[in-house]
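1. I would like the atomic coordinates for the input below:
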Amino acid sequence: MKEDNLHCDAQRSLRQAGLSRTPQRVTVLDILIHAERPVTVSDLMKRVNGNLNINKVTVYRIVSTLKQKGIIREIPTNDGINYYEMACVHNPVHPHFYCRSCKTMHCLEPLPVSNVLDWFAGPHNYTIEEINIGLSGLCEKCQK
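-> Residues are numbered from 1 along each chain as shown. All right, here's what the predicted structure looks like:
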């Protein structure tokens, strides 16, 4: 899905956000940068503990900080499960499909939202901080 030369750099992203580049933050961010699809904190825990022993509270704090700084975005589901992905030029805002059976999140093709953004920036003068477009149902595998 993503090619190595199209990825953000964890060290640079943290530095630009004014965050210290701890091994824990770099590891979590590297996992998010190279993830093929949005991941949950549980997914992060499985992948992190193969590289570095970090507890769940630390991962939640890191994810919260990265979200607050706009480095990653959160994708909530109706099941109360939150997924996370990079919020960068290499990963523009796009809709997601959540399978309610196997609990997987799939990225869909980006929608051209420029017209919508232009409309909101017009005479209404809204400030858009977040756009979420989510679909849910059964994936192809779970339909069988």
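2. with residue 53 as the reference, measure out to the most centrally placed residue in the chain.
-> By Cα atoms, centre = their mean, the chain has its centre lying nearest to residue 85, at 1.4 Å. Remark: distance between residue 85 and residue 53 (Cβ to Cβ, to the nearest Å) = 24 Å. Where C-beta positions appear, they are placed from N, C-alpha and C, glycine not excepted.
3. picking up where we left off before, contacting residues for the residue nearest to the centre of the chain?
-> Contacts for residue 85 (Cβ atoms under 8 Å, 6 or more residues apart in numbering) come out as 32, 35, 37-39, 72-73, 75, 91, 107.
4. any weak-confidence spans in the chain?
-> Scanning the chain for pLDDT under 70 picks out 1-6, 50-51, 111-128.
5. can you give me the helices in it?
-> Along the chain, the segments classed as helices by DSSP state H run 10-16, 23-34, 41-48, 56-68, 114-121, 140-143.
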